[in-house]
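# okay, structure incoming, though there's no sequence with it:
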């Protein structure tokens, strides 16, 4: 091996473990492929060139320790790209299937690695890593659509929550310890916090079962979501921690809470964490610190084996200042904080972002992106150029649906004429009902109305429904 090949293999080593959503990876692939980063076939060219080089260099076993490590990374690079389509097919087939599926291609991949000098005893770990890497890439890519700089940064940041900034460090030390690193997602309503959490939760580690020829579990069921704002206060502890039969009036049978349902290396998503009262925060703090909890009415504590992902659209700084959010809980919860960009930020940074989103949404809703220009024209006609999209991508999705049905962006007229605030014998309650209903008709979500009126989401819903029934 000459000095030029060693320098090239150093670049390959960096690319093998680089964040695929980061700018560095594209630059490294371009160096490997001897082409421009803007070349649409840069990755294919890099993979083809490295396949040729690996064949020329032969087995890892031919080299001393330092060169063997370099050739080993080349072998991993080549193997990953040769078999990526097999992992892609497994991810697609496993969607919606709660039992793990066979992965017969593992034999070919294992033979390829062993022939290249990779220790047979470590083949299973490569299968686990490759599957998680490819699954994480696909789920993050598909869940968080957009090519604006804020979205690229978001995907890169979320990738680091799965594999850290250094995949080698993750592989050597942290692959089975990521449950200790909780994640806090911040962002306005409709920015995609739930989608980001689901992609993270479904991309966790899955062990390889060599005897069965499959992974030990499906990634379906690894993600346990709980919207805390939708759970009545009296039932919140039961929803989280579960309860034993007879724990309280009405507890006629044992109920496993969300913490119990979260599997090993899975993720519990606590949406609207800002709604949790301080007394429950103390119990959740114990979960984060001691990895244990006690169901209501139980004598024995249970172990929590998963990872906590939390989200809120509220300002935790304000909540902490008001005494509604404990400092010790906040500091233990936010191992990492990821902020999701608003739609207006995305559109300001990249005017083409709207077209990307409309193509994706019309494909998802109507089965074809051919209708995207129709929606684009309606938005240009009906909404101001600087429209702020207060409901973010969720509002945009409802706008697409409305245009496809009615041909217009404007919200449908209220069933009844708006209340005249100066009309006699109108109560404050009736006026608030009408105001909330009008805002809901305009913005499309209870969360948006709650943010504008500074009312609780459930209170907003009650006013909107009351107006519709009046």
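All right, it came through fine. Everything quoted here is computed from the prediction, not taken from an experiment.
# use CA for all of it now, contacts and neighbours both
OK.
# shouldn't residue 276 be in contact with residue 228?
Yes - under the criterion of C-alpha atoms under 8 Å, residue 276 is in contact with residue 228, at a separation of 7.0 Å.
# and the pLDDT for the closest residue to residue 119 other than its chain neighbours?
Of all residues beyond its chain neighbours, the one nearest residue 119 is residue 113 (8.0 Å), with distances taken as C-alpha to C-alpha, 6 or more residues apart in numbering. Here, the pLDDT recorded for residue 113 equals 97.
# contacts only, for the spatially closest residue to residue 218 that is not a sequence neighbour.
In this structure, residue 218 finds its nearest non-sequential neighbour in residue 100, 4.5 Å apart by C-alpha to C-alpha, 6+ apart. Residue 100 makes contact with 94, 214-218 under the criterion C-alpha atoms under 8 Å, 6 or more residues apart in numbering.
# Throw the residues you listed into a markdown table and include pLDDT and neighbour count, thanks.
Shown next, in a markdown table, are the contacts of residue 100 (pLDDT from 0 to 100; neighbours: other C-alpha atoms under 10 Å):
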| residue | pLDDT | neighbour count |
| --- | --- | --- |
| 94 | 95 | 17 |
| 214 | 96 | 19 |
| 215 | 97 | 21 |
| 216 | 96 | 15 |
| 217 | 95 | 17 |
| 218 | 96 | 19 |
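# can you tell me which of these are in strands?
Taking DSSP state E, the ones among the contacts of residue 100 that sit in strands are 214-215.
# what's the most distant pair in the contacts of residue 100?
Across the contacts of residue 100, the longest distance by C-alpha to C-alpha is 12.6 Å; it joins 94 and 216.
# end to end, how far does stretch 24-40 reach?
Terminal residues of stretch 24-40 lie 16 Å apart, using C-alpha to C-alpha, to the nearest Å.
# same check on stretch 212-220?
Distance between the two ends of stretch 212-220: 19 Å, counting by C-alpha to C-alpha.
# which residues are contacting that stretch?
When contacts are taken as C-alpha under 8 Å, 6+ apart, the neighbours of stretch 212-220 outside the stretch itself are 94-104, 106, 128, 202-204, 206-209.
# show me how far that stretch is from its chain's centre.
With C-alpha atoms, centre = their mean, to the nearest Å as the basis, the distance from the averaged C-alpha position of stretch 212-220 to the chain average is 21 Å.
# quick one, strands of the stretch 301-450 of the chain?
Secondary structure of the stretch 301-450 of the chain by DSSP state E, counting those that start in this stretch: the strands cover 302-303, 307-312, 336-339.
# quickly compare those strands and say which is most buried.
With neighbours defined as mean count of other C-alpha atoms under 10 Å, the strands of the stretch 301-450 of the chain peak in mean count at strand 307-312, which reaches a mean of 25.
# now the residue nearest the centre of the chain: how far from residue 316?
By C-alpha atoms, centre = their mean, the mean C-alpha position of the chain lies nearest to residue 196, the distance being 2.1 Å. In this structure, residue 196 and residue 316 are 19 Å apart, going by C-alpha to C-alpha.
# and residue 257, what does it touch?
If you count contacts by C-alpha under 8 Å, 6+ apart, residue 257 has them with 238-243, 295.
# not counting residues beside it along the chain, what's closest to it?
Spatial nearest neighbour of residue 257, excluding adjacent residues (C-alpha to C-alpha, 6+ apart): residue 242 at 3.7 Å.
# which residues touch that neighbour?
The contact partners of residue 242, taken as C-alpha under 8 Å, 6+ apart, are 254-260, 295-296.
# how about residue 146?
Neighbour list for residue 146: 152, 353, 356-357 [criterion: C-alpha under 8 Å, 6+ apart].
# can you rerun that using 10 Å?
The neighbourhood of residue 146, defined by C-alpha atoms under 10 Å, 6 or more residues apart in numbering, consists of 152, 155, 346, 350, 352-357, 360.
# shouldn't it be within a helix?
No - checked against DSSP: H, G, I helix; E, B strand; the rest coil, residue 146 lies outside a helix; its state is coil.
# separation between it and residue 58?
Taking C-alpha to C-alpha as the criterion, residue 146 is separated from residue 58 by 41 Å.
# my guess is residue 431 contacts residue 467. True?
Yes - with the criterion set as C-alpha atoms under 10 Å, residue 431 and residue 467 qualify as a contacting pair; they are 9.3 Å apart.
# looking at these two, which is more packed in?
More crowded of residue 431 and residue 467, by other C-alpha atoms under 10 Å: residue 467, with 24 against 17.
# and for residue 37, the neighbour number?
Here the count is done by other C-alpha under 10 Å, and residue 37 has 18 residues near it.
# that one touches residue 27, doesn't it?
Yes - counting by C-alpha under 10 Å, residue 27 is a contact partner of residue 37 at 5.8 Å.
# can you pull out the helices in the stretch 201-350 of the chain?
In chain order, the stretch 201-350 of the chain shows helices spanning 236-241, 258-261, 278-290, 316-322, 327-333, 343-349, with DSSP state H, counting those that start in this stretch as the criterion.
# over to the stretch 51-200 of the chain?
Secondary structure of the stretch 51-200 of the chain, counting by DSSP H, counting those that start in this stretch: helices at 65-94, 106-115, 123-143, 149-163, 167-169, 193-201.
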